[in-house]
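J.: 3D model of this:
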Amino acid sequence: MYWTSIREKTLDFTRIRTRVSRITVEYYSTVPINQPINGLICNLPNHATVPFFYADRRVGGLGTCRLTDDADIWTIARAAQLLTCRDPTVRNICREQLHDTIRRGFRNEHPGVLPVGEYLSGSVDGGLYRLRYAEAGSNLWTLARQAAKRLGVRIDVSGDENIRIVADDVSVSPVKAVRGLRKVARQRYTRDLISDKSHQGVVATGLSLEDKSKDMARLEQDTSCRRCGKENETGFHVLNHCEEGLQLATKRHNTIQDLLESLLVKQGHDVTINNAIPGQRLRPDVEFQLSGSRVMVDVVVCFDQPGSMENAYQRKYDKYSSHGRILPLVVGSLGSWYPRNDEIRSILGINGRSWGAFRFRARLAAIQGSMDMVCAHFHHGAPNPEAEDIPPLPVEIPYPVD
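T.: You can find the predicted model right below:
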């Protein structure tokens, strides 16, 4: 009973995991690779060659990993790792399930010595073409066989404790399978980019002449901001500290402030915007009366690290707390939501649906504003950046009708 229970749980786990992975891959593989990535992220034309995205950065590629390839790589790696697991119980169960899968595929025609390595490698030699997948069912081992066939990977099972995963000129152990197979995939796309007959492979061909240098990663010696030149050009600086981006940063802030004002007006509050506190130079973004007391809500868009958001909240609190009740609204530049923002909803009694819609729109406004800042930053110095067609994010969620 103990062995049967472990075996059933292991089979269920592998089935669920491989099924979820395959559904994810099938869903995302339906998205055309050149449309959203080129237009919004890489800012490349639609005719950019596909190998450019996955080729080695040494030859000018992006060095990313294709999702369908990565799913196959992880399937092969996990199968090999389970077969060499240190836990003898898990290892024996997995090997027995693999042997049972091969026997079912052969029905009653299987040879005396099961061709484990050939099966996992996707080979059709030696009678393996007669396998009936319907009889064997779908599990981790059938998926690993199909993945190895797609990637051209050979799994060398020369002993109980010695399994090697071989592809092209790379041979790795199961522990290092993911890294090794990703290297193989990257090398293949690099060769495809170099052999591209159009103009897009010309530079890659020249850069590939030197295969040991890492100069491409160090060609840009000056890391200071290209606009203000005062700090290193990092995401933190571009989105929050660059003086040249203050106009767009203010626009991003005001968009969220307008959303907040609209929400409070719909909730029946009589709000004032940017009114100076009597005798002070402080101007809270939004101010209104609640039970005869002054309540202020001040919006701040900061970097998305938890420490930065906590510090932003505390600064606003220290700045206004002596003048009334202050409720800081902290949103990250990349759409993060500070948990204490929800205190505003609790204190003002805003219903969950309206607050959820506001939260979504506020985070989206932060992301859109940050994208505008990044585009303006990287187009700095362009001959006519206004003439370039930068498609906006086509998302517009109206407030629900209460």
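
J.: how near is the closest residue to D192 other than its chain neighbours to S195?
T.: Using C-beta to C-beta, 6 or more residues apart in numbering and skipping the chain neighbours, the partner closest in space to D192 is P51 (4.0 Å). In short, each C-beta sits where N, CA and C put it, glycine included. Between P51 and S195 the computed distance is 9 Å (C-beta to C-beta, to the nearest Å).

J.: more neighbours: which of these two?
T.: Between P51 and S195, counting by other C-beta atoms under 10 Å, P51 is the more crowded of the two (20 against 11).

J.: doesn't G60 make contact with the more buried one?
T.: No - when contacts are counted by C-beta atoms under 8 Å, P51 is not listed as touching G60 (11.0 Å).

J.: for stretch 118-132, buried residues please.
T.: By neighbour count on 16 or more other C-beta atoms under 10 Å, the buried set for stretch 118-132 is E118, Y119, L120, S121, G122, S123, L128, L131.

J.: identify the bridge partners of the nearest residue to the fourth one once chain neighbours are set aside.
T.: Put plainly, it is S121. Computed as C-beta to C-beta, 6+ apart, the closest residue to S121 that is not its neighbour in sequence is R154, at 4.6 Å. Residues in a beta bridge with R154, per DSSP bridges, are V166.

J.: now for R154: which residues touch it?
T.: In this structure, R154 makes contact with G117, S121, A148, I165, V166, A167, judged by C-beta atoms under 8 Å, 6 or more residues apart in numbering.

J.: and the strands in the chain?
T.: For the chain, the strands identified by DSSP state E occupy 154-157, 163-167, 170-172, 272-273, 286-290, 293-302, 325-332, in order along the chain.

J.: now the helices for the stretch 101-250 of the chain?
T.: If DSSP state H, counting those that start in this stretch is used as the criterion, the helices of the stretch 101-250 of the chain fall at 116-120, 133-136, 140-151, 177-194, 202-207, 235-240, 246-266.

J.: worst average pLDDT in these?
T.: Within the helices of the stretch 101-250 of the chain, the stretch with the lowest mean pLDDT is helix 133-136, showing a mean of 56.

J.: excluding residues flanking it in the chain, which one is nearest V300?
T.: The shortest distance from V300 to any non-neighbouring residue, by C-beta to C-beta, 6+ apart, is to A312 (4.7 Å).

J.: how close does the one you found get to R91?
T.: For A312, the distance to R91 equals 51 Å [C-beta to C-beta].

J.: who has more neighbours out of those two?
T.: Counted by other C-beta under 10 Å, A312 and R91 do not tie: A312 has more neighbours, with 20 against 17.

J.: for L263, see how far away the residue sitting furthest away from the middle of the chain is.
T.: The outermost residue of the chain relative to its centre, with distances by C-alpha atoms, centre = their mean, is G279 at 49.1 Å. Using C-beta to C-beta, G279 is found at 29 Å from L263.

J.: same thing with Q257?
T.: The gap separating Q257 from L263 is 11 Å, by C-beta to C-beta.

J.: who has more neighbours, those two?
T.: Between Q257 and L263, counted using other C-beta under 10 Å, the more crowded position is L263 (24 against 20).

J.: correct me if wrong: N240 contacts C302.
T.: Yes - under the criterion of C-beta under 8 Å, N240 lies in contact with C302, with a separation of 6.3 Å.

J.: out of the two, which sits in the busier spot?
T.: The residue with more neighbours, out of N240 and C302 and counting by other C-beta under 10 Å, is C302; that gives 23 against 20.

J.: isn't the more buried one up against G332?
T.: Yes - the pair C302 and G332 passes the contact test of C-beta under 8 Å, sitting 6.7 Å apart.

J.: what residues are shared contacts of these two?
T.: M309.

J.: now do the phi/psi pair for the closest residue to N240 other than its chain neighbours.
T.: Setting aside the residues directly before and after it, N240 is nearest to F303 in space (C-beta to C-beta, 6+ apart), at 5.3 Å. Per-residue torsions, F303: phi -70, psi 160 (degrees, to the nearest 10).
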